[in-house]
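K.L.:
what shape does this take:
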Amino acid sequence: MENTAEKFEEEILDACIRHAKEVLAEQLPLVKDKKYDFAPQFKDLTIQLYLVGVMQQFYDQYEATTTDAQEKAFHALYCMMIKDGVKSRRAKNQAAFIRQMSRLDDGDEALALALGYESKPGDHSLAEIFDHYVNEARVSKGLWHFYDQGKKILLLGGLLFAMAGIWFVTIYLPESDSITILAFGLLAALFFIVPVFLVGLLIYRYKTRKGSRTQTPPQ
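P.N.:
Predicted coordinates for the structure are as follows:
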């Protein structure tokens with residue numbers, strides 16, 4: 001009896017994953033046609049939240065409560081990632097992150113999850129979600145590219161300045177102990193990292209404020 005129940009649960013899970021992939025295959029071409037300029041991280045997260053909503057809608061027919069259906073949906077997304085070749089640990093962390101992002105600060109469900117749950121065959125629900133964020137600078141590909149490049153600059157620049165500081169102390173102050181040399185290298189790295197970080201922060205704030213102004217209708 002127990003094996004029969006487990007087999008039934010597994011069949012439902014497989015059917016749910018197939019259903020989600022069919023919905024995604026229908027929705028993605030509509031999104032592609034829009035030529036959105038979103039950061040890949042944001043696009044992936046939005047799609048995964050949307051799929052949780054789609055899977056929750058699927059599980060509604062089998063579960064007694066909405067909460068149970070949503071729990072099964074999160075588990076189904078995790079299983080789908082595993083089936084797609086994602087390593088178990090990474091899939092588990094991603095599923096936990098998606099669960100965390102599924103609720104807004106005020107307790108409401110994320111837009112992507114809500115519209116995924118309300119989606120119907122042939123609609124444009126996924127594109128509708130992305131339309132909502134089309135003028136949001138914080139999720140643009142350009143800003144995320146700037147962020148990624150900034151991390152590389154900070155890392156490489158800080159490393160080079162640290163090496164230069166260590167080299168200077170080693171050559172010109174050979175009597176210095178290892179702690180002094182290390183401290184001087186760290187200080188040299190900070191002389192590069194702090195100003196560059198502050199400049200990057202100012203650019204980020206300028207871009208996000210500019211993006212916010214473009215969304216504000218004229219009075």
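K.L.:
how's the chain carved up into domains?
P.N.:
Using automatic domain parsing, the domain ranges for the chain come out as 2-134, 141-215.
K.L.:
for those domains, which has the smallest mean pLDDT value?
P.N.:
Least confidently modelled of the domains of the chain is domain 141-215, at a mean of 76 by mean pLDDT.
K.L.:
returning to that earlier point: what's the most buried one of the domains of the chain?
P.N.:
Per-residue neighbour counts averaged over each of the domains of the chain give the maximum for domain 2-134, namely a mean of 16 (mean count of other C-beta atoms under 10 Å). Using the backbone N, CA and C atoms, a C-beta is placed for each residue, glycine as well.
K.L.:
how far away from the center of its chain is that domain?
P.N.:
Centroid separation for domain 2-134 versus its chain: 14 Å, with C-alpha atoms, centre = their mean, to the nearest Å.
K.L.:
contacts only, for Asp60.
P.N.:
Contacts of Asp60 were listed using C-beta atoms under 8 Å, 6 or more residues apart in numbering, and they are 66, 69.
K.L.:
where does it fall, phi/psi-wise?
P.N.:
Listed backbone geometry of Asp60 is phi -60, psi -30, with angles given as degrees, to the nearest 10.
K.L.:
gap between it and Ala96?
P.N.:
With distances taken as C-beta to C-beta, to the nearest Å, Asp60 is found 23 Å from Ala96.
K.L.:
try Tyr50
P.N.:
As defined by C-beta to C-beta, Tyr50 lies at a distance of 18 Å from Ala96.
K.L.:
now do Ala189
P.N.:
Distance from Ala189 to Ala96, counting by C-beta to C-beta: 33 Å.
K.L.:
same check on Leu49?
P.N.:
As judged by C-beta to C-beta, Leu49 and Ala96 stand 13 Å apart.
K.L.:
for Cys79, which non-adjacent residue is closest in space?
P.N.:
Leu13 (6.0 Å; C-beta to C-beta, 6 or more residues apart in numbering).
K.L.:
against Ser119, how distant is that neighbour?
P.N.:
If you measure Leu13 against Ser119 using C-beta to C-beta, the figure is 20 Å.
K.L.:
over to Leu186?
P.N.:
Note on Leu186: its distance to Ser119, by C-beta to C-beta, is 52 Å.
K.L.:
can you give me the helices in the chain?
P.N.:
Per DSSP state H, the chain carries helices over the ranges 2-32, 40-59, 66-83, 88-101, 111-118, 125-132, 141-172, 178-215.
K.L.:
spatially central residue for the chain, please.
P.N.:
For the chain, the residue lying nearest the average C-alpha position, counting by C-alpha atoms, centre = their mean, turns out to be Gln41 (4.2 Å).
K.L.:
what's the spacing between that one and Tyr78?
P.N.:
Here the criterion is C-beta to C-beta. By it, Gln41 lies 19 Å from Tyr78.
K.L.:
much appreciated, bye for now.
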